[in-house]
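Asks: Provided below are the primary sequence and the corresponding predicted coordinates.
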Amino acid sequence: MPLDSFSARRLSMLVFYDRGKEGLEKFTVGRYGIGDLYKAVWDPDKIGQWERLAQVVKERNPKRIGIDESEVFAFGDGLSASNKAALIKALGPELSKRLVSAERLAVGWLERRTPEELEVYSRIVAVAHSIIAEAFSDKVITPGATTTEDVVWWMRDRIAALKLATWFQPSISVQRPKTSPFKDSDVIHRGDMLHCDMGIVYLGLCTDTQQLAYVLREGETDAPKGLKEGLAQGNRLQDILVAEFREGRSGNEILSAALKKAKESGLRPSIYTHPLGVHGHAAGPTIGLWDRQDGVPGAGDYPLFTETCYSIELNIMAAVPEWDGQDVQFALEQDAAFEPHGARFLDVRQTNFLLIR
């Protein structure tokens, strides 16, 4: 729809007809046209709307009639039961036999990014990174006083001040040694490892970012070596995963190959990567779910195409010597584009802890 068409008017019908070498025909079976994109082909004084829709379909006599219906993707499943019943009644038994799911068309259109979108996406991700970097600093956090909820609300205020939107609200969590006297306190203390998850929306495109920070103890100038090694293992898992991105491969094939190589290299991985774009959990192949590391039937069987974007979401478990060998989860999420030459991270990915002094 044109940008200045804020919503549908009454019952809106859009029709697209593939004329082969003659190109694409598009129009609306409505009283009025829609901007310069869709001309109107219905005069309500002469014929009913459903009858006119059936008439234009019969005139073109298509081999297949694609409808917005899918058992796998919600992105291609918008046709209501009542409208489908009315469509079948209007088309009649012969044409109704030609009805097929247009899920591949719906998903393919939604997942593909234009060159202009790919050019600006890195800047949008950089804005998200800058908000996190400021949140994970002594400007916002005072060890022993600031709570995780305080940081969440600072991020929400900052996002609002920048006149951005979110597709989910930010979250902050803490991991600390089991021997810590602070136990499960939501107050941030020195020696804590912090994790955030945040997704903003700008220029119609979504980001999805998870990063880690460390609150320095008195006298420390960097995070403990064990924590830094855990982050490095998370980076290695990212590299292993994006190296398996090949056009035509299904999400399940990518997941299986990446997990195999990661485990062979000694990592304890979990991968739950998803497409990214005009939705946060967007149209395209699902590459694992946190509770489905053996593959995702349906959504995971969809193939990888170029000019698409993904949130490289994953984690590794690693024992940290400085925390008495305690297992710590290192969860990372970095947005990436998959282009003909391969995958690339949008903006600079995190390879070092954000340090809070």
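Replies: Everything's here; your move.
Asks: Please count neighbours and contacts with C-alpha atoms only from this point.
Replies: Noted.
Asks: Could I get the average pLDDT for the helix or strand where Glu116 lies?
Replies: According to DSSP states H and E, Glu116 maps onto helix 115-135. Here helix 115-135 scores 97 as its mean pLDDT.
Asks: buried sites along it?
Replies: For helix 115-135, the neighbour count (16 or more other C-alpha atoms under 10 Å) marks 118, 121-122, 124-129, 131-135 as buried.
Asks: Contacts made by that helix with the rest, please.
Replies: Applying C-alpha atoms under 8 Å, 6 or more residues apart in numbering, the contact partners of helix 115-135 are 140-141, 151, 154-155, 158-159, 196, 198-200, 202, 205, 207, 209, 211, 307, 335, 337, 346-348, 354.
Asks: again, only using 7 Å
Replies: Val151, Met155, Ile200, Tyr202, Thr207, Leu346, Asp347, Leu354 (C-alpha atoms under 7 Å, 6 or more residues apart in numbering).
Asks: Which elements pack onto the next helix or strand after that helix?
Replies: Using DSSP H and E, the next helix or strand after helix 115-135 towards the C-terminus is helix 148-161. When contacts are defined as 3 or more C-alpha pairs under 7 Å, 6 or more residues apart in numbering; DSSP states H and E, helix 148-161 sits against strand 165-175.
Asks: Kindly recompute the last result at 8 Å.
Replies: helix 115-135, strand 165-175 (3 or more C-alpha pairs under 8 Å, 6 or more residues apart in numbering; DSSP states H and E).
Asks: what angle separates the first one from strand 165-175?
Replies: Think helix 115-135. Following axes from the mean of the first three to the mean of the last three C-alpha atoms, to 10 degrees, one obtains 40 degrees for the angle between helix 115-135 and strand 165-175.
Asks: Off-centre distance for helix 115-135?
Replies: Relative to the chain's own centre, helix 115-135 is displaced by 14 Å; criterion: C-alpha atoms, centre = their mean, to the nearest Å.
Asks: repeat for the last one
Replies: The gap between where strand 165-175 is centred and where its chain is centred comes out at 15 Å by C-alpha atoms, centre = their mean.
Asks: Quick one: residues in contact with it.
Replies: 148-149, 151-152, 155-156, 159, 186, 188, 192-202, 206, 280, 328.
Asks: Tell me how many other residues crowd Ala74.
Replies: A count of nearby residues for Ala74, using other C-alpha atoms under 10 Å, gives 14.
Asks: What's the per-residue pLDDT of the residue nearest the centre of the chain here?
Replies: In the chain, the residue lying closest to the centroid (C-alpha atoms, centre = their mean) is Leu276, at 3.0 Å. Note on Leu276: pLDDT of 98.
Asks: now do the one 5 residues further on
Replies: Per-residue confidence at His281 stands at 97 (pLDDT).
Asks: re the thing from before, mind checking which of the helices and strands packed on helix 148-161 is nearest Arg246?
Replies: Judged by C-alpha to C-alpha, the one of the helices and strands packed on helix 148-161 that comes nearest to Arg246 is helix 115-135, at 18.5 Å.
Asks: Could I get the phi/psi values of Leu205?
Replies: phi -120, psi 140 (degrees, to the nearest 10).
Asks: okay, the buried residues of helix 115-135 in JSON lines with distance to Ser311 next?
Replies: Shown next, in JSON lines, are the buried residues of helix 115-135 (distance: C-alpha to C-alpha, whole Å):
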{"residue": "Leu118", "distance to Ser311": "14"}
{"residue": "Tyr121", "distance to Ser311": "12"}
{"residue": "Ser122", "distance to Ser311": "13"}
{"residue": "Ile124", "distance to Ser311": "14"}
{"residue": "Val125", "distance to Ser311": "11"}
{"residue": "Ala126", "distance to Ser311": "14"}
{"residue": "Val127", "distance to Ser311": "16"}
{"residue": "Ala128", "distance to Ser311": "13"}
{"residue": "His129", "distance to Ser311": "14"}
{"residue": "Ile131", "distance to Ser311": "18"}
{"residue": "Ile132", "distance to Ser311": "16"}
{"residue": "Ala133", "distance to Ser311": "19"}
{"residue": "Glu134", "distance to Ser311": "22"}
{"residue": "Ala135", "distance to Ser311": "21"}
